[in-house]
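**Q** below is the sequence, then the predicted model.
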Amino acid sequence: MSVTNRKGIILCVDDEPGVLSTLKEQLLADFIATHDVVTATSGEEALAFVEAARSENEIIELIITDQMMPTMKGDEFLKRVHSVLPDTMKILLTGHAGLDSAIKAINEGGLNRYIEKPWNAEAMRDDIKGLIGKFRQNLENQYLLNNLEARIRELGQA
C-alpha cells in the first residue's frame with residue numbers, strides 16, 4: 001500500500017549556482033521518476049518554498065543544504081526547517097568541515113547526514129536512497145498507525 005502517488009520533493013540549498021546545477025543534474029539522473037528537485041540560493045528563499053509547499057500539502061522528503069551561505073548558515077536553516085518539518089530527512093553538504101556546525105545541525109536541526117564537498121556521487125546517491133527509504137517507511141508506518149487507531153475507536157463505539 002502506498003500513502004501517496006505524488007512525487008516527493010528534494011530541496012537543495014546552496015549560494016553557489018554551479019554547485020546547485022551539478023547537484024540538481026545528479027539528482028534528476030537518479031530520482032527523476034520519483035522526485036521533483038527544487039533549488040534555492042539562500043536559506044530565506046528555501047524557507048519561503050517550504051511554507052508554500054506546506055500550504056499546498058506537498059511532501060518535502062529530503063533537504064540538502066550548504067553550511068556556508070551569506071545571510072543564513074545551513075545549521076540555522078535546518079533548525080528553522082526542523083521546527084515545521086521534523087520528519088524530513090536532512091543532509092548538510094559543506095566544503096568547510098566544522099565540528100561545531102555539524103553538532104549544532106544534529107542537535108537542533110535533525111541532521112541525518114554530513115557530507116563534505118566535493119562529494120562522491122555514488123556514495124551520495126546511496127545515502128539519499130537510504131534516507132528517502134527511511135522517510136517513506138516512517139510515513140507509511142504513521143499512516144498504518146492512524147488507520148489502526150481509527151479502527152480501535154470504531155470498535156470501541158460499536
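**A** Structure received. What you see is a predicted model, and the numbers here were worked out from it, not measured in a lab.
**Q** next SSE after the lowest-mean-pLDDT helix or strand in the chain?
**A** Among the helical and strand segments of the chain, the one scoring lowest on mean pLDDT, DSSP states H and E is helix 99-109, with a mean of 69. Per DSSP states H and E, helix 99-109 leads on to strand 113-116 as the next helix or strand towards the C-terminus.
**Q** pLDDT on the helix or strand hosting Arg80, on average?
**A** In this structure, Arg80 sits in helix 74-84 according to DSSP H and E. Helix 74-84 shows a mean pLDDT of 93.
**Q** which residues does it contact?
**A** 13, 43, 46-47, 50-51, 54, 63, 65-69, 88, 90, 92, 94, 101-102, 104-105, 108-111 (C-beta atoms under 8 Å, 6 or more residues apart in numbering). Heads up, the C-betas are built off the backbone N, CA and C, glycines and all.
**Q** send the alpha carbons of it over as CSV?
**A** The C-alpha coordinates for helix 74-84 follow below in CSV (Å, rounded to 0.1, in the frame of the first residue of the first chain):
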residue,chain,number,x,y,z
GLY,A,74,22.9,25.9,6.9
ASP,A,75,22.7,24.8,10.5
GLU,A,76,20.4,27.8,11.3
PHE,A,77,18.3,27.0,8.2
LEU,A,78,18.0,23.3,9.3
LYS,A,79,17.0,24.4,12.8
ARG,A,80,14.2,26.5,11.4
VAL,A,81,13.0,23.9,9.0
HIS,A,82,13.1,21.2,11.6
SER,A,83,10.6,23.1,13.7
VAL,A,84,8.0,22.7,10.9
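**Q** circling back: from the contacts of helix 74-84, which would you call buried?
**A** Among those, those buried by neighbour count (16 or more other C-beta atoms under 10 Å) are 13, 43, 46-47, 50, 63, 65-67, 69, 88, 90, 92, 94, 101-102, 104-105, 109-111.
**Q** number of residues surrounding the closest residue to Ile128 other than its chain neighbours?
**A** If the residues on either side of it in the chain are set aside, Ile128 comes closest to Leu62, at 6.5 Å by C-beta to C-beta, 6 or more residues apart in numbering. A count of nearby residues for Leu62, using other C-beta atoms under 10 Å, gives 24.
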